[in-house]
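A.B. asks: below are the sequence and a predicted model for it; my questions follow.
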Amino acid sequence: MASRKVVPMKRRFRPNLALFIFLLIIIYIVVLTWGYLTEEHISIYEVNTTQISDDSPLYGFVLRSEEVVSTDREGYINYYNAEGNRVGTGDVVYTLDTNGEVSGMLEQLQETNKNTESITAMREVISSFQNNFSLSSYSQIENLKYDINNVYFEKTNGNLYSDVNKALKSAGQDKSFTKYTAPKNGVISYSIDGFESMKKTDITPEILDQYAQSTRQQIKTADMLPSGSPVYKLVTDNTWSLTARLNNDYYERLKASDSVRITINKDGISFNASVELWDQGDIHFATLTTARYMERYINDRFLQFEFNLRTAEGLKIPNSSILKKDYYTLPADVITKGDEGNGVIKQVRTEEGKITKQFTSLGHYFFTQDKYYVDSSVVTGGDVLMNHKSGEDYIVSSKEPLQGVYCVNEGYCEFRPIDILYQNKEYTIVSDMTSGGLSAFDHIVVEPSALSDDDFI
């Protein structure tokens, strides 16, 4: 049987439409990716109103006019004023008895006078403690119980001395206790720290370094006190001061100042204080004195605060957004009004070679510091303008840089001038009152170095 030879046939190429479309898509994606990677991208920043403060916190030592009052007899002490209360000369501050019976009677009277106001006030004290507590100042916890007890006492004492005196008289025990009155006007405090007799000249860098140590000692107690024990402190003047060590930068900034505004970090309270600079060897100090908020900080010996020297409020923009553009500057006397708005009367030469005067609109210009900033498309150096007040010629020559940013609210670059109020390493605070300048929520270019006026974004 004869063998058969199989000859394979060549397949004809048939284009695959699906493969062709897939390749086109791949090429398109590659082209887009390449363009995205090689193209310079433009970041946009939204302008917002804010405040910048770059002052470093300092610790100040508190000085007041304060006197510690001690008891002249042994016995149990009972108080009739809450801490922070202002007393006058002759007001009853405390009583002393030898058997402790007055304390029990006071507790009964306070329980009778208890009201919902004391609970509300306690909640405020606890809330304030929670808001200001940090692990770095853990010693605040030991003062919380004392502050709560003081609030309770303040809300329930009323006419406490009068009430207890009546109760003792009716029980025939009114001779068993002695009352003690304030020797002068002042504000009551029931804590001491050993610094009550300090003077400004006694302050040293070593004392200022003790700011982290808790030195407050509560002297209000239910125990029997021996004769000569401190029973309360009386602050006799509203004027108080903070003394802090200064670095050279702060010293130079405050050298010409009679007063400065400071903010207490503990609660954010700001106030003005008079400034007195003094030296101890080669170390600079500042004593800041005020007559406000003495009662608020009556038990603080050290306060952390900040100067309000490097602070500004306005529109916040990144430093990289700022650019400079050169403009011709024109005085107001050469500016006149025409049908197209503000402009100048400029000398021009006609085709016939004759010189004539022609009104030229200023177009987009800026007015600041009594000058008109005009683009070079309107005037150039050497142009002769008419002074409409004097009739004399004015030759354009002065050119100055103007700081600004590119605003892109309309989708293209529009130069806006800025007035810098404050600047740090990253951001700048500019005024929101600049003529033709920025407003809150404007959108600006973060890095405008590769852009020009009217470029589309």
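C.D. replies: Yep, it's here. Numbers count the residues shown, from 1 in each chain.
A.B. asks: now do stretch 234-249: distance from first to last residue.
C.D. replies: Its start and end residues considered, stretch 234-249 measures 38 Å (Cα to Cα, to the nearest Å).
A.B. asks: D97 contacts R73, doesn't it?
C.D. replies: No - applying Cβ atoms under 8 Å, one finds D97 not in contact with R73, separated by 10.0 Å. Bear in mind the C-beta positions are built from the backbone N, C-alpha and C, glycine included.
A.B. asks: more neighbours, those two?
C.D. replies: Between D97 and R73, counted using other Cβ atoms under 10 Å, the more crowded position is D97 (19 against 13).
A.B. asks: and that one, bridged to which residues?
C.D. replies: When assigned by DSSP bridges, D97 has beta-bridge partners Y76, F177.
A.B. asks: what about it, distance to Y76?
C.D. replies: According to Cβ to Cβ, to the nearest Å, D97 stands 6 Å off from Y76.
A.B. asks: so where's the longest helix in the protein?
C.D. replies: Among the elements of the chain assigned as helix by DSSP state H, the one spanning the most residues is helix 17-38.
A.B. asks: so what's the gap between the following helix or strand past that one and the chain middle?
C.D. replies: Secondary structure here is assigned by DSSP states H and E; on that basis, the next helix or strand after helix 17-38 toward the C-terminus is strand 44-46. Shown here is strand 44-46, whose average C-alpha point lies 24 Å from the average C-alpha point of the whole chain (Cα atoms, centre = their mean, to the nearest Å).
A.B. asks: sorry, back to before: okay, and the common contacts of D97 and R73?
C.D. replies: Between them, D97 and R73 share these contacting residues under Cβ atoms under 8 Å, 6 or more residues apart in numbering: T178.
A.B. asks: if we can go back for a sec, got the buried residues for the longest helix of the chain?
C.D. replies: Of the residues in helix 17-38, none has enough neighbours to count as buried (16 or more other Cβ atoms under 10 Å).
A.B. asks: name the helices or strands packed onto it?
C.D. replies: Other elements packing on helix 17-38 under the criterion 3 or more Cβ pairs under 8 Å, 6 or more residues apart in numbering; DSSP states H and E are absent; no helix or strand qualifies.
A.B. asks: which residues does it contact?
C.D. replies: Applying Cβ under 8 Å, 6+ apart, helix 17-38 has no contact partners.
A.B. asks: CA atoms of that helix as PDB?
C.D. replies: Below are the C-alpha coordinates for helix 17-38, written out as PDB (Å, rounded to 0.1, in the frame of the first residue of the first chain):
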ATOM      1  CA  LEU A  17      -9.300  43.400  16.400                       C
ATOM      2  CA  ALA A  18      -9.500  42.800  20.200                       C
ATOM      3  CA  LEU A  19      -5.700  42.500  20.500                       C
ATOM      4  CA  PHE A  20      -5.300  45.700  18.500                       C
ATOM      5  CA  ILE A  21      -7.600  47.600  20.800                       C
ATOM      6  CA  PHE A  22      -5.900  46.200  23.900                       C
ATOM      7  CA  LEU A  23      -2.500  47.300  22.500                       C
ATOM      8  CA  LEU A  24      -3.800  50.800  21.900                       C
ATOM      9  CA  ILE A  25      -5.100  51.000  25.500                       C
ATOM     10  CA  ILE A  26      -1.700  49.900  26.800                       C
ATOM     11  CA  ILE A  27       0.100  52.500  24.700                       C
ATOM     12  CA  TYR A  28      -2.300  55.200  25.900                       C
ATOM     13  CA  ILE A  29      -1.800  54.400  29.500                       C
ATOM     14  CA  VAL A  30       2.000  54.400  29.100                       C
ATOM     15  CA  VAL A  31       1.900  57.800  27.400                       C
ATOM     16  CA  LEU A  32      -0.400  59.200  30.200                       C
ATOM     17  CA  THR A  33       1.800  57.800  32.900                       C
ATOM     18  CA  TRP A  34       5.000  59.100  31.300                       C
ATOM     19  CA  GLY A  35       3.400  62.600  31.000                       C
ATOM     20  CA  TYR A  36       2.200  62.500  34.600                       C
ATOM     21  CA  LEU A  37       5.700  61.500  35.900                       C
ATOM     22  CA  THR A  38       7.600  64.100  33.800                       C
END
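A.B. asks: how far off centre is that helix?
C.D. replies: From the chain centre to the centre of helix 17-38 is a distance of 53 Å (Cα atoms, centre = their mean).
A.B. asks: now do that helix, average pLDDT.
C.D. replies: Throughout helix 17-38, pLDDT has a mean value of 81.
A.B. asks: next, D249: secondary structure please.
C.D. replies: helix (DSSP: H, G, I helix; E, B strand; the rest coil).
A.B. asks: quick check: the gap between it and I298.
C.D. replies: Relative to I298, and taking Cβ to Cβ, D249 is found at 32 Å.
A.B. asks: looking at those two, which is more packed in?
C.D. replies: Neighbours of D249 and I298, each counted by other Cβ under 10 Å, are more numerous for I298; the result is 19 against 11.
A.B. asks: contacting residues for the closest residue to that one other than its chain neighbours?
C.D. replies: Closest residue to I298 in three dimensions, ignoring its sequence neighbours and counting by Cβ to Cβ, 6 or more residues apart in numbering: S189, at 5.2 Å. By Cβ under 8 Å, 6+ apart, S189 lies in contact with 66, 83-84, 232-235, 298-299.
A.B. asks: rerun at 6 Å
C.D. replies: S189 makes contact with 83, 233, 298 under the criterion Cβ atoms under 6 Å, 6 or more residues apart in numbering.
A.B. asks: repeat that for D442.
C.D. replies: Taking Cβ under 6 Å, 6+ apart as the criterion, D442 is in contact with 47, 407, 409.
A.B. asks: one more: D339?
C.D. replies: Under the criterion of Cβ under 6 Å, 6+ apart, the contact list for D339 is empty.
A.B. asks: now do L242
C.D. replies: 60, 288.
A.B. asks: what about 8 Å?
C.D. replies: Contact criterion Cβ under 8 Å, 6+ apart gives 60-62, 262, 273, 287-288, 303, 305 as the residues in contact with L242.
A.B. asks: excluding chain neighbours, give the residue nearest to the residue nearest to the spatial centre of the chain in space.
C.D. replies: Within the chain, one residue has its C-alpha closest to the average C-alpha position: by Cα atoms, centre = their mean, that is S53, at 5.4 Å. Residue nearest to S53 in three dimensions, not counting chain neighbours: T311, with 4.3 Å by Cβ to Cβ, 6+ apart.
A.B. asks: hmm, that neighbour is touching N424, no?
C.D. replies: No - under the contact definition of Cβ under 8 Å, T311 does not touch N424, with a separation of 10.9 Å.
A.B. asks: among those two, which residue is more densely surrounded?
C.D. replies: T311 (17 against 13).
A.B. asks: state the distance from that one to K399.
C.D. replies: Counting by Cβ to Cβ, the gap from T311 to K399 is 35 Å.
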